[in-house]
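A.B. asks: Turn this into a model:
(chains A and B)
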Amino acid sequence: MSSSPTETAVGLVDVLMPAMGTSVVEGTIVEWHVGPGDPIAADAPICEISTDKVDSECPSPATGTVAEVLVATGETVAVGTVLARIDTGGGAAPNGDAASDGGAATDGAPEGDVTPVADAASGGTPSTAPAGAATGSNASRPSRREQLRGSSPVAARIADEHGLDVTRLEGSGRHGRVTKRDVLDAVAQGTGAAAPAPAADAHGGAGDDAPMHIESPYRADPTLLVAGAQAVPAGGATDVVPPTTPATPAVPPAPSPVARASSAATAPSASPAPAPAVPDDLGGVVTPMSRMRTSIGTAMRRALDTAAHCTTVVECDMSRIERQRRELGVTALPLLARHAIDALREFPALNATFDGETLRRYERVHLGIAVSLGEEGLIVPVLHDAQDLSAEGIARRIKDVAVRARERRLAPDEVRGGTFTITNPGASGALIATPVINVPQVAILDLEAIVRRPVVVTDADGRESIAIRPMVNLCMSWDHRVLDGVYAARFLTALRRRIEGGAAA
Amino acid sequence: MSTMTYLQAITDGLRTEMRQDERVFVLGEDVGAFGGAFKATAGLYDEFGADRVQDTPIAESAIIGASVGAALAGLRPVAEMQFSDFVACGFDQLVNVAGKMHYRTGLAVPMVLRLPTGGGFAGGPFHSQNPEAWFMHAPGLKVVAPSTPADAKGLLMSALRDPNPVCFLEHKNLYRRQKGEVPEGTHLEPFEARVVRAGEELTIVAYGAMVHAALAAADTFEPGRVEVLDLRSLVPLDEEAILASVRRTSKVLIVDEANETCAAGAQVAALVADRAFSDLDGPVRRIATPDVPIPFSPTLEASVLPTPDRIAEAARELLAY
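C.D. replies: Residues are numbered from 1 along each chain as shown, chains lettered A, B, ... in the order given. Below you'll find the model as predicted:
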């Protein structure tokens, strides 16, 4: 490592395994996005981690250079373990760039080395004139206002990101203004070796494809970049490649060949290549369990081994809900959730967590909603303080978390701290189920399929008749260690009254 | 696919949805046997009868008010303003009653208000306006403005299925001048912007008739330099599409046929300044009709409306900036 602990003790920041949920105690590194020596910006994803609750990216706590990586890909460690250390500056200072206010610790040094030797003249920036001249002085960085006087926001920003001084570049714009193109050209020349020839007339034949712009703040995922680069050889017309790309390698990717190579090398080892599918004599094919499958299995086993599961079912007339959902343009789930929240506040024993020793009841309702990820598994994002939301608000939130859950973009906080869970497999047509409690919660409510059935109804005069009504089974599993069947039944009938509109709700 | 004019595409969209959904009905001045001032409803009276193609008195407030009531009662009214300029008479019913209904009562008002807009044919100050910004400023209304026959049908059919009141701005000057392939049967377009010409050095943002002016201006440069983004929907405004384009090109020129102050383009300019500042390589520039009434005189009218020449000139300046 280029920075020894002593010399940079002050400048080292630890990257810790984040806590992803109350019951999550450990996480697994799926992939490192950087390697030692790579620059990293604060909040940029530094690695990908997986737990039994959620897959997530771990953001870098600081801007700097990765000093060391302490946990290898595929390793599982406890929450709070130091995963890596980031050198926030000390070593890189003499380069001159560190004096800049910073969005970019990505300096001009393609090797990404933080050793103090590298200065503008010798190490970092290869020999071309404009770039060299621009990076030359570290004495006084021009102020933002000075930068913008003769350039533009984007030119100043790109120059900054590449450690160039925009005020020293030659401008081709009106009145000698430094344009974005001037900066890109300077950057491209600066690391010319990496840039294929056509860089100069990059803007020539754009054709009909809008090339992805390299200055987009949305940086392509390095792994995707690799895939794209390999998949599209010469004149490929897909998104990433075309004309502006030659300018790309200028800096950000420069350090990354190492990172790419290493991630490419380590990726397979993280998930061993599946054995060729040779059926056994009965035709069975060995199918590897996904990480998510395995952790769901462990969690379910743990829940069944601890909570004393009982399931109570009531049947409920959904006519009113059906009407409301048409009016509001939402599904039955958020409407049911809204009623369940109101009912829970009457029956606080169900809005609770119990870890075997301590029972906690909550005034606030942190509502878990089971979201199916297809065959892969499921996840339970939590709508915190759901008691403050209207049915429409709940609908919107459910949609939001469901979409992001399927895109694997949930933040750890969003799967943490549930006090009650609703699951809704009824959408797939099931009539009854005994769901497994999402421990340490003490109950889970299951909304089954709404089916039209003949039922006995009583009119205002007490006369009975048979009517067709949309009926549903509300199945609730609850923990007999914490409450008894009468309480569960009273909760469910109270919920039914709210749903059917019998009670003053 | 079949080739239609912009106007025929609107009629086709109405007819297609009226055949599929009996809740859809048309009302307005002379929309029945006469087929509407511009013949947008031609043939509908014969096919669907007087109950579903209703002539109304010359009373825009009543037309819009009745539409709100019908929508609340479960129908899907399509009200025609003979000229969008006249919507001012029905402003309260639209902006206060229709637009705020869902907020106040939770009830949806699924109605479409067809607004023939725009100038360029010596219609003068009462028959040439582009009032879209009035409605953009009123929460609760959606505002869409197609530029092509296919979009005219697609956005109209989407509007007919939208649970909100939708102001559908159809540009009179495109009615018979724009021809194109239009999908048959149900055709739905999302309320999103679309890149109609890809380019790398400058984005021209436009909607309605100005898309064609912008394309003509873009044609005066080498291919691939100037991008043209057709907003198609003003509310909701496709902010991500605007930002994505500007972040690529770093320069933006925004064209409105409407009067300049507080026009749709002003909102786009504010968005870019706010959220794409550090991607800009030049000033955010706008071209719009100055804040004057549209003159009758063809020469005077041509001197206030944005033209391809004027757009190209501004584009040239920006490209060289």
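
A.B. asks: And the strands in the stretch 1-150 of chain B?
C.D. replies: Under the criterion DSSP state E, counting those that start in this stretch, the stretch 1-150 of chain B contains strands at B:2-5, B:24-28, B:53-55, B:76-80, B:112-117, B:142-144.

A.B. asks: so what's the spatially closest residue to B:Leu94 that is not a sequence neighbour up against?
C.D. replies: Nearest residue to B:Leu94 in three dimensions, chain neighbours excluded: B:Ile64, at 5.1 Å (C-beta to C-beta, 6 or more residues apart in numbering or on different chains). From N, CA and C alone the C-beta is placed, and that goes for glycine too. By C-beta atoms under 8 Å, 6 or more residues apart in numbering or on different chains, B:Ile64 lies in contact with B:Ala79, B:Val87, B:Gly90, B:Gln93, B:Leu94, B:Val97, B:Ala98, B:Leu113.

A.B. asks: would you list the residues you listed in a markdown table and tack on pLDDT, distance to A:Ile432 and neighbour count?
C.D. replies: Putting those into a markdown table (pLDDT from 0 to 100; distance: C-beta to C-beta, whole Å; neighbours: other C-beta atoms under 10 Å in any protein chain shown) gives the following:
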| residue | pLDDT | distance to A:Ile432 | neighbour count |
| --- | --- | --- | --- |
| B:Ala79 | 98 | 49 | 33 |
| B:Val87 | 96 | 55 | 26 |
| B:Gly90 | 96 | 54 | 22 |
| B:Gln93 | 97 | 50 | 23 |
| B:Leu94 | 97 | 50 | 29 |
| B:Val97 | 97 | 47 | 21 |
| B:Ala98 | 97 | 45 | 27 |
| B:Leu113 | 98 | 48 | 29 |
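
A.B. asks: Report the distance from stretch B:54-71 to the chain centre.
C.D. replies: Relative to its chain's centre, stretch B:54-71 lies at 21 Å (C-alpha atoms, centre = their mean, to the nearest Å).

A.B. asks: Go through it and flag the buried ones.
C.D. replies: Of the residues in stretch B:54-71, B:Gln54, B:Thr56, B:Glu60, B:Ser61, B:Ile63, B:Ile64, B:Gly65, B:Ala66, B:Ser67, B:Val68, B:Ala70, B:Ala71 count as buried by neighbour count, 16 or more other C-beta atoms under 10 Å in any protein chain shown.

A.B. asks: wait, which of these is closest to B:Thr299?
C.D. replies: B:Glu60 (31.5 Å; C-beta to C-beta).

A.B. asks: I'd say that closest one and B:Met81 touch.
C.D. replies: Yes. Contact criterion C-beta atoms under 8 Å: B:Glu60 and B:Met81 qualify, at 6.3 Å.

A.B. asks: overlap in contacts of those two?
C.D. replies: Shared contacts of B:Glu60 and B:Met81, defined by C-beta under 8 Å, 6+ apart, comprise B:Val87, B:Gly90.

A.B. asks: ok and the residue in the stretch 201-321 of chain B nearest chain A?
C.D. replies: Distances between the stretch 201-321 of chain B and chain A by C-beta to the nearest C-beta are smallest at B:Gly224, namely 2.9 Å.

A.B. asks: thought that residue was touching B:Leu202?
C.D. replies: No. In this structure, B:Gly224 is not within contact of B:Leu202 by C-beta under 8 Å, at 11.0 Å.

A.B. asks: Give me the more crowded residue out of these two.
C.D. replies: B:Leu202 (27 against 22; other C-beta atoms under 10 Å in any protein chain shown).

A.B. asks: tell me the angle of the longest helix along chain B relative to strand B:112-117?
C.D. replies: Looking across chain B with DSSP state H, the single longest helix is helix B:6-20. On the basis of axes from the mean of the first three to the mean of the last three C-alpha atoms, to 10 degrees, helix B:6-20 is oriented at 170 degrees to strand B:112-117.

A.B. asks: buried set for helix B:6-20?
C.D. replies: Under 16+ other C-beta under 10 Å, the buried positions of helix B:6-20 are B:6-18.

A.B. asks: Now the residue nearest to A:Pro45 when sequence neighbours are not counted: phi and psi?
C.D. replies: Among residues not flanking A:Pro45 along the chain, A:Glu57 sits closest, at 3.8 Å (C-beta to C-beta, 6+ apart). Geometry field for A:Glu57 lists phi and psi as phi -100, psi 140, criterion degrees, to the nearest 10.

A.B. asks: how about B:Ala214, what does it touch?
C.D. replies: Taking C-beta under 8 Å, 6+ apart, we find B:Ala214 in contact with B:Ile204, B:Ala206, B:Val228, B:Val255, B:Pro308, B:Ile311.

A.B. asks: I figured the last one hits B:Ala217, correct?
C.D. replies: By that I understand B:Ile311. Yes. Using C-beta under 8 Å as the test, B:Ile311 is close enough to B:Ala217 to be in contact (3.8 Å).

A.B. asks: Chain A contacts on chain B?
C.D. replies: Within chain B, the positions near chain A by C-beta under 8 Å from any C-beta of the partner chain are B:106-108, B:163, B:195, B:198-201, B:223-225, B:227, B:244, B:247-250, B:277-282, B:320-321.
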